[in-house]
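Student: the sequence and its predicted three-dimensional model are supplied below.
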Amino acid sequence: MNSIDTLFTNAKFADGAINDIAVAHGRIAAVSPAGTQIPAGVPTCDLGGALVVPGFVEGHIHLDTSFYGDAWKPHKPYTNGFNVHERVAFQAQNFAEAAPVEVRARNQLELCIGHGSTQMRSHVTVDGSVGLKTLEKILAVREAHKNIIDIQLVAFPQSGILQSPGTAELLDEAIAMGADLVGGLDPASFDRDVEKHLDVVFGIAEKRGVGVDIHLHDNGTLGVFEIEQIAARTRALGMEGHVVISHAYALGDDATDIAKRVGGVLAESGIAIMTNAPGRRPFPPVALLREAGVTLFGGSDNIRDSWWPYGDGDMLGRANMIGYRSGFNTDDELSIAFDVVTAAGAKALRLEGYGLAVGDKADFVTLNAQHVPEAVVAIPRGRSVYKNGKLVARDGKLFRS
Ligand SMILES: [Zn+2]
């Protein structure tokens, strides 16, 4: 253990064991029962028996849309139920009066890191109005924060693909510029042509060898039909494990038999589902889908933007929300809610070296809680966040090395 950089002592693991964690070159080099292998001359950091968990996975956020840290933007009610077109127009008005996107993105990013997210997937708008300008700014923000958080970016057609001429080409170019995945948006209700929308999305994915993450808000049989179409494309291209459907509200409609059947299709197609357990909308049945073998993970989605005024970037709070709305009460159920914002997110995002085992990245968070189920209900403050074995935030305040 001579090459270790830091020995973190007295870390309580989820199973209750108190361990020491040796970190070398940003990775976990050894885990041993507390006090058994303390070498001389190695810097130590006593975690004091705090619960230590892997860094949270923020699986779905929009770094370019938040007004967090900017002037408050009052919301206005939807005039005719949830309407994506209407909200996109309202968002454009708000952007005109907002701080520069890179400032807003940094504010939001630092909020998330302060709460313990060390891995993130952000959607970034690419459309006819902003072109690739927003992506350029967010790529720079990612670069500036690369030592404290890993970020995947999805080229997101917020104004549709067919409805916004030139977007197909822009999405392709976005991948060439550094976006990691290609996004999509309600192929039926927004673009009015499921086949053509998916032709573009999966065409770029195949050409560029990247994954897909599609926003799908459509409910009912229409939403189920789209899920099945996405699943068919995924299997046809051998993209199992590389496709995410975000929201998939249709799975939350009351028909359990449909959710079970579609859950089987999703599991077979290796498609993961992202949920943020939003407000009063139906959302996918977490336990049922997990039982069917589906990877279901969490994200904040919009934070204090034109879509809703809520959100604080705390994925432990999100686990609480997902558990609450799912009716989870037992320790096993609360642990599922926690898994949704940690290991399941890591699986969906195909993260390398995630966890607290030897060889994993030393990305972890300390929590003032007895165990994981208590952490999910208590959402304790006073956390310390470590990235690559270095302290990056404490009590929500960031440290930059
Ligand atoms: Zn979203």
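Tutor: Received it, and whenever you're ready, just let me know what you need.
Student: give me the nearest residue to His85, chain neighbours excluded.
Tutor: Phe190 (7.6 Å; Cβ to Cβ, 6 or more residues apart in numbering). To be clear about C-beta, it is placed using only N, CA and C from the backbone, and glycine gets the same treatment.
Student: near the nearest residue to His115 once chain neighbours are set aside, how many other residues are there?
Tutor: Spatially, and ignoring its direct neighbours in sequence, His115 is nearest to Asp314 (4.1 Å; Cβ to Cβ, 6+ apart). Close neighbours of Asp314, defined as other Cβ atoms under 10 Å, add up to 24.
Student: same thing with the one 10 residues further on?
Tutor: Residues within reach of Tyr324, counting by other Cβ under 10 Å, total 14.
Student: pull the CA atoms of the helix or strand hosting it into CSV?
Tutor: Secondary structure from DSSP states H and E places Tyr324 in helix 315-326. The C-alpha trace of helix 315-326 is given here as CSV (Å, rounded to 0.1, in the frame of the first residue of the first chain):
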residue,chain,number,x,y,z
MET,A,315,-30.3,13.3,-6.1
LEU,A,316,-30.8,12.0,-2.6
GLY,A,317,-33.9,14.3,-2.4
ARG,A,318,-34.9,12.8,-5.8
ALA,A,319,-34.6,9.3,-4.4
ASN,A,320,-36.9,10.4,-1.6
MET,A,321,-39.4,11.8,-4.1
ILE,A,322,-39.3,8.7,-6.2
GLY,A,323,-39.8,6.5,-3.1
TYR,A,324,-42.6,8.7,-1.8
ARG,A,325,-44.5,8.7,-5.0
SER,A,326,-44.0,5.0,-5.5
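Student: one step back: sec struct for the residue nearest to His85, please.
Tutor: Here Phe190 is coil, with the state taken from DSSP: H, G, I helix; E, B strand; the rest coil.
Student: from memory it sits against Thr167, does it?
Tutor: No: counting by Cβ atoms under 8 Å, Thr167 is not a contact partner of Phe190; they are 11.6 Å apart.
Student: got the contact list for Val52?
Tutor: Neighbouring residues of Val52 by Cβ atoms under 8 Å, 6 or more residues apart in numbering: 8, 11-13, 21, 356, 364-367.
Student: all helices of this protein, in order?
Tutor: Assigned by DSSP state H, the chain shows helices spanning 84-96, 101-115, 133-144, 167-177, 194-208, 220-236, 256-269, 286-291, 315-326, 331-340, 343-348, 372-378.
Student: hmm, back to that, centre of the chain to the helix holding Tyr324, how far?
Tutor: Between the centre of helix 315-326 and the centre of its chain there are 14 Å (Cα atoms, centre = their mean, to the nearest Å).
Student: and the contacts of stretch 201-211?
Tutor: By Cβ under 8 Å, 6+ apart, stretch 201-211 touches 161, 168, 171-172, 175-176, 179-184, 212, 214, 233, 237, 239, 242-244, 350.
Student: please check those and keep the buried ones.
Tutor: 161, 168, 171-172, 175, 179-184, 212, 214, 233, 239, 242-244 (16 or more other Cβ atoms under 10 Å).
Student: filter those down to just the ones in strands.
Tutor: If you go by DSSP state E, these have 181-184, 212, 214, 243-244 in strands.
Student: just give the closest residue to Leu316, not the sequence neighbours.
Tutor: Spatial nearest neighbour of Leu316, excluding adjacent residues (Cβ to Cβ, 6+ apart): Ile379 at 5.3 Å.
Student: can you count the residues close to the one you found?
Tutor: Ile379, neighbours per other Cβ under 10 Å, totals 16.
Student: any stretches of the stretch 1-150 of the chain with poor pLDDT?
Tutor: Residue ranges of the stretch 1-150 of the chain with pLDDT under 70: 1-2, 82.
Student: show me where it has strands.
Tutor: Counting by DSSP state E, counting those that start in this stretch, the stretch 1-150 of the chain has strands at residues 6-12, 18-24, 27-33, 44-46, 51-54, 56-61, 117-125, 150-156.
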